[in-house]
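K.L.:
Provide a 3D model corresponding to the input given below.
(one chain, ligands or ions: 1)
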Amino acid sequence: MKLLLENWRKFLNEMEEPITTLRIFDFDETIAHTRSETRVKAPDGTEATLRGQKEFEAYMSQAAAKEGIDIFDPVSALREIGYEIDLSDFSIVKDPEEITIITDIMRAFPPDSKTYIMTARRGGSLGPILDYLKEIEIDHHQVRPIATHGESKGDTIAHMIGQKIMPDGKSNISRIEYYEDSQKNIDDVLRKVCENPELDEIKPVDFELIINKVINNEGQYNIQQIECRYPN
Ligand SMILES: [Mg+2]
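P.N.:
Numbering: from 1, shown residues only. The predicted model follows:
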């Protein structure tokens, strides 16, 4: 009963919280560089080791095209037709190197904002990610982890905008800051959040989506800002 009351109190507090900004951070190659690899064996016996997101996406989209699969995340469909795809490195945080240009931003928790880690990882990956935040001394109690299991981050963020609608019919979220290294995910978020006419009705007039693309230049990281200018 005590727990129930505490949860209820927490819920009420959140209802009153004037949260207007969502800060959404990808994990791999945004918060930390890791040595995670994906090992693949195709039905024809060819094997590959994919290092990094780019190699992963290139392999998966090529294999999907070859097999006539046209969906956002082809991993399950490829497995069903006999591809062995070993993603076990992504259930841990393997040899992480902190990307401080991003974690410094994450550490400063601005008022009126809520901070998320949104990873496309599958399975039980959230525990190790939160442990890692603890390790680098980020207050993990202020961070909510979400795993999309390979599915669209754009859909998830669009859904978050619709979560709290104010009496004027508009979302209370007027600003989204999104930190991400994958161009595939950025394009998806631009399409589903920035340029999505279905959200026109609920976006506040001053709505802003700021995409911070994390670029790795041989171990030197920088941020490229991409602004949503829709509908202009
Ligand atoms: Mg990433």
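K.L.:
The ion contacts on the chain?
P.N.:
By C-beta under 5 Å from the ion, the residues of the chain that approach the ion are 26, 28-29, 181. C-betas here are computed from N, CA, C, even on glycine.
K.L.:
Tell me the one of those residues nearest Pro204?
P.N.:
Proximity of the residues of the chain next to the ion to Pro204 was ranked by C-beta to C-beta; the top entry is Asp26 with 24.7 Å.
K.L.:
show me what contacts the closest one?
P.N.:
By C-beta atoms under 8 Å, 6 or more residues apart in numbering, Asp26 lies in contact with 117-120, 153, 179-182, 185, 214.
K.L.:
Look up the pLDDT of it for me, please.
P.N.:
Looking at Asp26, its pLDDT stands at 97.
K.L.:
so which helix or strand takes in the closest residue to Leu87 other than its chain neighbours?
P.N.:
Leaving aside its sequence neighbours, Leu87 sits nearest to Thr38 (C-beta to C-beta, 6 or more residues apart in numbering; 5.8 Å). Mapping Thr38 onto the secondary structure by DSSP states H and E places it in strand 37-41.
K.L.:
Export that strand to CSV, keeping only CA atoms.
P.N.:
Extracted as CSV, the C-alpha positions of strand 37-41 are listed here (Å, rounded to 0.1, in the frame of the first residue of the first chain):
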residue,chain,number,x,y,z
GLU,A,37,30.4,-6.5,-33.1
THR,A,38,27.6,-8.3,-34.9
ARG,A,39,28.5,-11.7,-36.3
VAL,A,40,26.4,-12.9,-39.2
LYS,A,41,26.1,-16.1,-41.1
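K.L.:
in the chain, which spans are helices?
P.N.:
Taking DSSP state H as the criterion, the chain carries its helices at 2-16, 52-67, 75-80, 100-107, 126-135, 153-161, 183-189.
K.L.:
how about a markdown table for those helices, with mean neighbour count added?
P.N.:
A markdown table is the format used below for these (neighbours: other C-beta atoms under 10 Å):
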| stretch | mean neighbour count |
| --- | --- |
| helix 2-16 | 9 |
| helix 52-67 | 16 |
| helix 75-80 | 15 |
| helix 100-107 | 16 |
| helix 126-135 | 16 |
| helix 153-161 | 20 |
| helix 183-189 | 19 |
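K.L.:
Format these as JSON lines; extra columns: mean pLDDT.
P.N.:
As requested, those are exported to JSON lines (pLDDT from 0 to 100):
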{"stretch": "helix 2-16", "mean pLDDT": "60"}
{"stretch": "helix 52-67", "mean pLDDT": "93"}
{"stretch": "helix 75-80", "mean pLDDT": "96"}
{"stretch": "helix 100-107", "mean pLDDT": "97"}
{"stretch": "helix 126-135", "mean pLDDT": "94"}
{"stretch": "helix 153-161", "mean pLDDT": "96"}
{"stretch": "helix 183-189", "mean pLDDT": "95"}
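K.L.:
Tabulate these in TSV, adding columns for distance to Phe90.
P.N.:
Below are the helices of the chain laid out as TSV (distance: least, C-beta to C-beta, whole Å):
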stretch	distance to Phe90
helix 2-16	30
helix 52-67	10
helix 75-80	11
helix 100-107	19
helix 126-135	9
helix 153-161	16
helix 183-189	15
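K.L.:
Grab the longest strand from the chain for me.
P.N.:
Criterion DSSP state E: the longest strand present in the chain is strand 208-217.
K.L.:
What is that strand packed up against?
P.N.:
helix 100-107, strand 175-180, helix 183-189, strand 220-227 (3 or more C-beta pairs under 8 Å, 6 or more residues apart in numbering; DSSP states H and E).
K.L.:
Now it: buried residues?
P.N.:
209, 211-214, 216 (16 or more other C-beta atoms under 10 Å).
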